[in-house]
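Participant: what's the 3D shape of this:
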Amino acid sequence: MWRSIRIIIAVLTLLETVNSDSVKHKHHVHCKNHQNQNVDWFVVYKLPKMNKIKYTDSYYVTPDGEEIAYFDSTMTQGHSPRWKQPHQSIYSQYNPVAYTLSPLFQRSKPTDIAYVIYNDQVPEGFSGTKGGHSKGILMVGKRTTVWLQHSVPRFPKRLHRRYEYPTSGRENAQLFLCITVPTENTAEVIAYHLRLQYANVYQRHRVTWMKAPRFPNFYMLLRGKYVKGKESLANDTMYSVSGKQPVQYIAKRSTWQHDIYSDFVAPYVLRDNLVVETWRNGAGGAVDRLCRKYSVLDVKQVKIVFDTQKYCKFLYTEDHSKWAVSVYKEYFCFSSLNRMKSQFNRGGEVTCLENRNLAKLFRDSIAEKYPCTGYPGKKSFSKCCYHSIPRP
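Facilitator: Presented below is the predicted three-dimensional model:
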């Protein structure tokens with residue numbers, strides 16, 4: 001009898017622990033690594049699909065379009081940081097992107113997490129391709145918020161089903177940046193940035209605990225209310241949820257018709273030369289690589305080196321990602337904007353992390369870059385028109 005009572009007590013204790021853990025983690029969202037563990041931030045580089053070539057180097061690998069390179073806030077590897085290659089592919093249910101977005105793939109909508117999904121190239125079955133040239137998911141929990149920015153068209157498609165990566169995203173390289181931030185203050189800053197860049201929201205969900213007076217920008221974003229008036233740029237510095245990682249958030253509205261890299265990020269935000277990798281194959285032509293006080297150069301070829309010493313190379317024409325790295329300072333920037341003239345009249349976002357390992361990793365990932373050529377005339381360089389940000 002006493003044995004039965006002890007078993008019942010043990011079961012009740014276990015159930016109480018599980019329930020208390022559920023309450024403890026309720027309202028929490030977090031960036032996840034390839035083992036489904038919480039991390040402050042991560043970067044995933046989805047490799048392109050490439051034709052096999054004969055290399056005498058046994059360490060060279062030819063990606064099939066589903067492999068990923070991974071790096072996060074916990075990986076400190078001394079003077080030579082290297083990419084990790086998880087066994088899971090981008091199509092797997094068990095990769096960092098899928099783990100992070102798992103609250104959105106439950107059968108029913110979450111009662112404790114609000115979200116907006118935006119993409120300038122929406123999946124089939126949705127309408128609208130105008131607005132900001134940006135792609136991402138913003139999930140807001142009561143205490144923590146996750147901002148997952150990426151470069152993949154038509155992703156994600158079906159929520160509250162299984163995680164799916166689009167087959168159309170296999171051909172080119174793609175990039176993901178996930179940052180976990182405190183909901184207090186930071187979620188509102190991000191929502192304002194999305195409103196300023198006119199992010200094309202195609203899926204949305206609000207929750208009862210989120211009240212409009214506390215989250216005015218998020219509520220206006222849910223309702224499709226974008227920033228009007230003279231404001232054309234936003235520049236805010238916040239911290240990740242750990243308080244250890246400073247993050248620079250930079251948003252551009254379509255009314256500010258300049259190159260975000262050479263006319264704002266390099267000379268006014270980072271005050272350093274930049275090397276930028278973006279898609280430069282579309283209409284309108286690429287931006288000139290002029291030599292300036294703070295020059296902006298374009299990547300020609302990317303080289304991903306793994307911690308196993310294996311590596312691969314691909315040209316910028318095979319890469320749909322958008323990123324930049326400072327030459328002398330310790331900044332890595334994820335971006336939604338290409339270095340093309342057609343992007344002057346599009347809204348978008350640049351998010352910069354001041355992190356020595358991450359900056360070194362991306363500098364080492366530049367196999368070849370184009371040099372700057374010529375100098376701007378007096379009329380070609382216009383000073384930035386930064387406006388202060390009104391807070392509702």
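Participant: got the phi/psi numbers for the nearest residue to R356 once chain neighbours are set aside?
Facilitator: Among residues not flanking R356 along the chain, E330 sits closest, at 4.5 Å (CB to CB, 6 or more residues apart in numbering). (Each C-beta comes from the backbone N, C-alpha and C, glycine too.) Torsion angles at E330 (phi, psi; degrees, to the nearest 10) stand at phi -110, psi 60.
Participant: what about E330, neighbour count?
Facilitator: 17 (other CB atoms under 10 Å).
Participant: next one: Q35
Facilitator: Neighbours of Q35 using other CB under 10 Å come to 11.
Participant: again with C352
Facilitator: Neighbour tally, C352, other CB under 10 Å: 24.
Participant: helix or strand for it, which one?
Facilitator: Assigned by DSSP states H and E, C352 belongs to strand 348-354.
Participant: what bits of the stretch 101-250 of the chain have low per-residue confidence?
Facilitator: 129-130 (pLDDT under 70).
Participant: residue ranges for the helices of it, please.
Facilitator: Under the criterion DSSP state H, counting those that start in this stretch, the stretch 101-250 of the chain contains helices at 186-196, 216-222.
Participant: ok and whichever helix or strand comes after the strand holding C352 relative to strand 348-354, angle-wise?
Facilitator: Remark: after strand 348-354, the chain's next helix or strand is helix 356-364, criterion DSSP H and E. Between helix 356-364 and strand 348-354, the angle formed by their directions is 120 degrees, by axes from the mean of the first three to the mean of the last three CA atoms, to 10 degrees.
Participant: helices and strands around helix 356-364, which ones?
Facilitator: Applying 3 or more CB pairs under 8 Å, 6 or more residues apart in numbering; DSSP states H and E, one finds that helix 356-364 makes contact with strand 68-72, strand 323-326, strand 331-335.
Participant: Between the two ends of stretch 132-146, what distance do you get?
Facilitator: Stretch 132-146 has an end-to-end distance of 20 Å (criterion: CA to CA, to the nearest Å).
Participant: Also stretch 115-131?
Facilitator: Stretch 115-131 end-to-end distance (CA to CA) = 19 Å.
Participant: what distance separates that stretch from the centre of its chain?
Facilitator: 17 Å (CA atoms, centre = their mean, to the nearest Å).
Participant: Not counting it itself, show me its contacts.
Facilitator: For stretch 115-131, contacts defined as CB atoms under 8 Å, 6 or more residues apart in numbering pick out 104, 132-140, 153-157, 159, 166, 194, 197-205, 218, 221-222, 347.
Participant: how does it look with 6 Å?
Facilitator: Stretch 115-131 is contacted by residues 133, 135-139, 153-154, 157, 198-205, 221 when judged by CB atoms under 6 Å, 6 or more residues apart in numbering.
Participant: Could I get the buried residue list for stretch 97-108?
Facilitator: The neighbour-count check on stretch 97-108 (16 or more other CB atoms under 10 Å) flags 97-101, 103-105 as buried.
Participant: now those residues as TSV including distance to R170?
Facilitator: What follows is those, written out as TSV (distance: CB to CB, whole Å):
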residue	distance to R170
V97	14
A98	16
Y99	20
T100	20
L101	19
P103	26
L104	22
F105	20
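Participant: what two of those are the furthest from one another?
Facilitator: V97 and P103 (13.0 Å; CB to CB).
Participant: quick one on the thing from earlier: can you lay out the helices and strands packed on helix 356-364 as JSON lines showing mean neighbour count and distance to Q37?
Facilitator: Below are the helices and strands packed on helix 356-364 laid out as JSON lines (neighbours: other CB atoms under 10 Å; distance: least, CB to CB, whole Å):
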{"stretch": "strand 68-72", "mean neighbour count": "22", "distance to Q37": "9"}
{"stretch": "strand 323-326", "mean neighbour count": "25", "distance to Q37": "25"}
{"stretch": "strand 331-335", "mean neighbour count": "25", "distance to Q37": "22"}
